[in-house]
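> Next input, structure requested:
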Amino acid sequence: MSQPGAGGARGRGARFPATLEGLRPAPAVPARRAGAATPGARPAGAVPSAQGVGLDSAAVRQAMVQRLAQQGVTHPAVLQALAAVERHRFVDSALVPQAYEDTALPIGWGQTISKPSVVARMLELLCAGQTLPLGLVLEIGTGCGYQAALLARLAREVYSMERLRALHDKARDNLRPLRIPNLHLILGDGTAGYPAGAPYAGIIAAAGGEAIPQAWLDQLAVGGRLVAPAEVQPGQQRLVVVQRTATGWQREVLEGVRFVPLQSGVL
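Presented below is the predicted three-dimensional model:
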């Protein structure tokens, strides 16, 4: 939080999270299943102010997508997902008028929902050169659930981990009305990844540490891609893309970013 190629592991005997509606969360145990938003189509040249939870946000979403395309986001599936998922549903009511601006917004507990441009950039990097839908994808840092909802439109199955119980519960509440069948929320320590679901076609993280955890690299499938912030130099965080090959990992360091620190443990 700022704030496809490879397949999953079905059929290998791994136990997958339950996704029943209303299942109470427990540490390292998935919470429930959550479904897809209806895409908007009406274009607009400028972003009108949002009027509340019941607003028709197709126009403001489309305007946001148009701006992102003008800024260089070109992947059609990523743009379609951004046009479909209603970002205003994932922010507090007082912040709804800013939901479609290109800005990070607080979601509580010292966390933020990332700028749409940052989300779009990371999703585009995750999908680059891959066949869609991606296979099994692991998200580290569910936050309010917005990026998880986007990922569910780009992958066959998504496992999203959050270490803060309060945020895990908030994401569950935000996602409940959408009833996304291929999205599973897990309360757990994301620094260790989620080995029960590995290998992953994609791993994406919304928090950055001094290095990419080895557990993430080990859980990435051959041909899979990992996108995460990392502190490549003291005080300097950059986006890092890792692709796993048959002989190892290829790493690319990209532009500077500013994400919350990667932390271990469950609170």
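
> Which helix or which strand is home to residue 137?
Using DSSP states H and E, residue 137 falls within strand 134-140.

> average pLDDT for that strand?
Here strand 134-140 scores 98 as its mean pLDDT.

> Using CSV, write out every CA atom in that strand.
Taking C-alpha atoms only, strand 134-140 is exported to CSV below (Å, rounded to 0.1, in the frame of the first residue of the first chain):
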residue,chain,number,x,y,z
LEU,A,134,-2.9,-15.2,-15.1
GLY,A,135,-2.9,-18.4,-13.1
LEU,A,136,-2.7,-18.2,-9.4
VAL,A,137,-1.7,-14.8,-8.0
LEU,A,138,-0.5,-13.9,-4.5
GLU,A,139,-1.0,-10.3,-3.2
ILE,A,140,0.9,-9.2,-0.2
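
> Now do the helix or strand that it is followed by: which elements does it pack against?
Next along the chain after strand 134-140, taking DSSP H and E as the criterion, comes helix 146-151. Counting contacts by 3 or more C-beta pairs under 8 Å, 6 or more residues apart in numbering; DSSP states H and E, helix 146-151 is packed against helix 76-84, helix 116-127, strand 134-140, strand 155-162, helix 165-175, strand 180-187. For the C-beta atoms, the positions are set from N, CA and C on the backbone; glycine is no exception.

> cutoff 7 Å now
helix 116-127, strand 134-140, strand 155-162 (3 or more C-beta pairs under 7 Å, 6 or more residues apart in numbering; DSSP states H and E).

> Compute the inter-axis angle for the shortest one and strand 180-187.
Relative orientation of strand 134-140 with respect to strand 180-187: 30 degrees, computed using axes from the mean of the first three to the mean of the last three C-alpha atoms, to 10 degrees.

> what's strand 134-140 packed up against?
Using 3+ C-beta pairs under 7 Å, 6+ apart, strand 134-140 sits against helix 146-151, strand 155-162, strand 200-205.

> circling back: in JSON lines: the helices and strands packed on helix 146-151, plus mean neighbour count.
Below are the helices and strands packed on helix 146-151 laid out as JSON lines (neighbours: other C-beta atoms under 10 Å):
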{"stretch": "helix 116-127", "mean neighbour count": "23"}
{"stretch": "strand 134-140", "mean neighbour count": "27"}
{"stretch": "strand 155-162", "mean neighbour count": "26"}
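
> Quick one: closest of the ones you listed to residue 233.
helix 116-127 (19.9 Å; C-beta to C-beta).

> Give me the contacts around that closest one.
2, 64, 68, 71, 73, 75, 77-78, 82, 87, 102, 134, 147, 150, 154, 202, 204, 225, 227, 241, 257 (C-beta atoms under 7 Å, 6 or more residues apart in numbering).
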